[in-house]
Each structure stands twice: as structure tokens, then as C-alpha cells.
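K.L.:
predicted model and sequence follow; I will ask about them next.
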Amino acid sequence: MENLRLLQQDYPALKIIKLEQNYRSSARILRVANQVIANNPKLFPKTLWSQYGEGEPVRIIACQNEQHEAEYAAGSIIRRRNQSGDSLNYADFAILYRSNHQARLFEEALRSAHIPYRVSGGQSFFEKAEIKDILAYLRLLANPDDDPAFLRAATTPKRGIGDATLSSLNRYAAAASCSLYAAANTAEALAQLPAAGREALRQFTALMQSYQSRAQSEPAGSLIQELLADIRYETYLLEHEEGKSGEIKWRNVQDLCAWLARKGEQDGKTLIELSQTIALMNLLDSRSKEETDTVTLSTLHASKGLEYPHVILAGCEEGLFPHADSVEEGNLDEERRLMYVGITRAKHSLTLTHCVKRRRQGGWQFPEPSRFIDEMPQADLKILGRKGGEPIVSHEEGKANLRSMLDMLNAKMGQKK
């Protein structure tokens, strides 16, 4: 900025040409962006405009908590696609957020709704090694013939099943045209193994058979915790990771288990049924990686230069966006520029969400909505779920609506098949 100021002094006859026409967003979205960024100091103020008409009001959604926020986002994508008669693609939607850690719940909600997505600007929660380890056990429970799941589960943590044992087992399975798991339960295949490898395989298959039996009836949440204890996975992480990495990975595993326990309780599903759902999600996920029609999950920093017809900007709360560290360090102007970036990614519709309460550091916090919302022209906003605004559906009603929309979606998929 100082260079631009000096430029005017050095060249008093400087002619300034402002590029103010926007070729992306509706008038309402641009008015919101203009009024927010006007609070930052500028040498050359600009007022963006477009010829795309007024457009929809910018929606401000107060969600009950971060889980409700994620479910609302997934439900709104399904609802808007249904209302469009499926003329909208998944690639027309983006969910943007300030920090990488916010992505996990949105991934869970999108996976539960069978919505394909890709993560930009960070690693997918379900691509983390520790999550893949635990999912391998669940996939094997759902389908004992899943060879990649067998290989990962049988060797992580290490239990004495080495390369020589697996090579011998693989040769037998190929000759007998059966899965590795089936081969590991065959006396003829076991007889070809050294005693140590044979015993290790027997213990592993016995463990999986035990949990397959129990998973038909016992609560999913408690059962998966028992499985983690039996395979000593926490100890494995803490012994094989440096510094706090093991603790962080263990917390990720616990987040996965909490999600599975919650889904098991809410949907009345056993661990076997959840495992079958996980297997389906993995299948859809592998297909979505080959497709371009996916919802984008992205940090605001990684979204610069991109555009989407419909944008959900999540976590618009004090302490999260603007981030508490930036406020404390006096970098509020940079946070406001980031909000400006997020707003102007949207072409046709923009939704900002914030939570009435959010779980942090093991307890509930009750954050205020982002100060940037108060800086927006209120006439261009449609506020839902907050004092003075229209009510939003309850968490339970939202789940019921999402289930009905999924039923319709599944019916459509069946018709296409």
C-alpha cells in the first residue's frame, strides 16, 4: 500500500482506471462484499457491480451446533438439487471454511448423504492413515472377502504376520480362487506356513470371527472401543509416532468412533450395518475421485480465484472467523479480506452459517456470530434461527427432512438403474 501511495506522489498526473464490473456475482452478493470490505483502509476504494440482477438474499443460518451445521449443509445441497429437477451438478456447490479442522464434520455429513466431494487445501479426514487403519477392520467385518482390508488389518498393528506368511497365503488363495480371509481359515493353507505365522493368523481370524458374531447385536459404540483395546491401537500409535503426533492421531480415531457410535444410536444400526455403510461409502468415494462432479470442500485461502454457483461459508463466529489469534495480533483487516474472498466466490446464492454452541477443548462454548455479519447491509440478508430472524427447522426435523430427501434420491437412483 505504501508503494501505491508513493506512486501518486512521484507521478501526480497518474490516471487511475478502476475495474469495478464483476462478471461473477449477483448484485446482492456484491453489495454485501462491498460493505464488508469498506471497513478496511484503502487508497483506491472500489464498488463492484454486475449486470446479473439482484439475485437471492444472502442467508444467515444459526445452527444448534457443529453437527447440525454440517447436516444442514448436506441437506441444503440435496434440497436445492431436488428443487432444480437435478439440473444442478454437485460441482455447482462449495463449502468454504476458515480452518482445515472444520472439514471433518462436513465430510461425515456428505458421506452419510452419499454426496460425492473432494477436499481442496487440506487432507481429507478419511484419507488419514489412522482412519484407514480402523476402517480396514470395519470393511473386513462387513465383507471378509475384501483382500485389501484383510492385508491392512492383519498387519496393522504388527502381530507376527510377515511378508513370507502373506506371500504363501496369497499363492494358495490364487490357486484356490478364494479370498485371503478364506485361505487363512483353511487347514491346507495353514499347514504350509511356519508355526509362528500359522498361530498369528489363527489369532487374527479368531478375533475377527468373534467381533463378526458380536457386531450383529451389541451396541456399535462400545464394541468398537473394545476392538481398539484388543488390538492395542492407542499403544501402537504412541510407540510409533514422534512427539504429539501419536496423541493427535488417537484423537482422530476417537472422533471417528464417536461418529460411528452416534450414527449407530441415532439410526438404530449395529456395527455390522455401519460397516456395510462404510464399505458403500468407500466404493462411492473411489468413484468420486474419478469424477469431476463433486462438491468442493475448501479452506478460504485455497478458494482464491475460484467460483461456484452456490456457496456455503461455514463457521462465521467470533474466535473462528475472524480467528482469535488474528484479532489478538491486530490482523483483523486480513481476516476481513478473507471474508471478502469467501463472499465473492459465490455466483447465485450465498449462505453463511454459525453455531449457537460449539464443542472446544472438551466443553461447550457459546460464540457470538462473526462481527462481519453485522457489517453487512441487513436489507440484503435473510436471517434464520437467530433472534429477530425466521425460525429454522429443529435438529430432529432437519434429520427427518434429510432422510426423506435421501429416500427420494435412492428411489431415483433405483429408477436409473
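P.N.:
Perfect, thanks for sending it. Numbering: from 1, shown residues only.

K.L.:
checking residue 204 next. Helix, strand or coil?
P.N.:
Going by DSSP: H, G, I helix; E, B strand; the rest coil, the secondary structure assigned to residue 204 is helix.

K.L.:
what separates the closest residue to it other than its chain neighbours from residue 202, distance-wise?
P.N.:
Setting aside the residues directly before and after it, residue 204 is nearest to residue 154 in space (CB to CB, 6 or more residues apart in numbering), at 5.5 Å. Yep, even glycine has a C-beta here, placed from its N, CA and C like the rest. Using CB to CB, to the nearest Å, residue 154 is found at 12 Å from residue 202.

K.L.:
and these two? Which one has more around it.
P.N.:
Remark: of residue 154 and residue 202, residue 154 carries more neighbours, 25 against 14, as counted by other CB atoms under 10 Å.

K.L.:
name the helix or strand for the more buried one, please.
P.N.:
Using DSSP states H and E, residue 154 sits within helix 147-155.

K.L.:
quick check: buried residues in that helix?
P.N.:
147, 149, 150, 151, 152, 153, 154, 155 (16 or more other CB atoms under 10 Å).

K.L.:
and stretch 259-267, by the same measure?
P.N.:
Burial within stretch 259-267, assessed by neighbour count using 16+ other CB under 10 Å, is assigned to 259, 260, 261, 263, 264.

K.L.:
which one of the residues you listed is nearest residue 106?
P.N.:
Nearest to residue 106, judged by CB to CB, of the buried residues of stretch 259-267 is residue 259 at 12.2 Å.

K.L.:
could you find the closest non-adjacent residue to that closest one?
P.N.:
Sequence neighbours aside, residue 108 is the residue nearest to residue 259 in space, at 5.4 Å (criterion: CB to CB, 6+ apart).

K.L.:
pLDDT score assigned to residue 45?
P.N.:
The confidence metric pLDDT takes the value 86 at residue 45.

K.L.:
can I take it that it is in a helix?
P.N.:
No. Counting by three-state DSSP, residue 45 is not found in a helix; it is coil.

K.L.:
skipping its backbone neighbours, what lies nearest it in space?
P.N.:
Leaving aside its chain neighbours, residue 45 sits nearest to residue 38 (7.1 Å; criterion: CB to CB, 6+ apart).

K.L.:
and the strands in the chain, which stretches?
P.N.:
If DSSP state E is used as the criterion, the strands of the chain fall at 58-63, 93-97, 117-120, 295-299, 308-313, 346-355, 358-360, 363-365, 381-384.

K.L.:
check contacts around the residue nearest in space to the middle of the chain.
P.N.:
In the chain, the C-alpha nearest the mean C-alpha coordinate belongs to residue 107, at 2.2 Å (CA atoms, centre = their mean). Going by CB atoms under 8 Å, 6 or more residues apart in numbering, residue 107 touches 117, 119, 124, 125, 126, 297.

K.L.:
distance check, it against residue 128.
P.N.:
As judged by CB to CB, residue 107 and residue 128 stand 11 Å apart.

K.L.:
same check on residue 150?
P.N.:
20 Å.

K.L.:
dump the residue contacts of the residue nearest to residue 348 when sequence neighbours are not counted.
P.N.:
Closest residue in space to residue 348, ignoring its immediate chain neighbours: residue 309 at 4.7 Å, by CB to CB, 6+ apart. Contacts for residue 309 were tallied using CB under 8 Å, 6+ apart; they are 88, 92, 93, 346, 347, 348, 349.

K.L.:
lowest-confidence member of those residues, which is it?
P.N.:
pLDDT across the contacts of residue 309 is at its lowest for residue 88, which sits at 93.

K.L.:
good, wrapping up.
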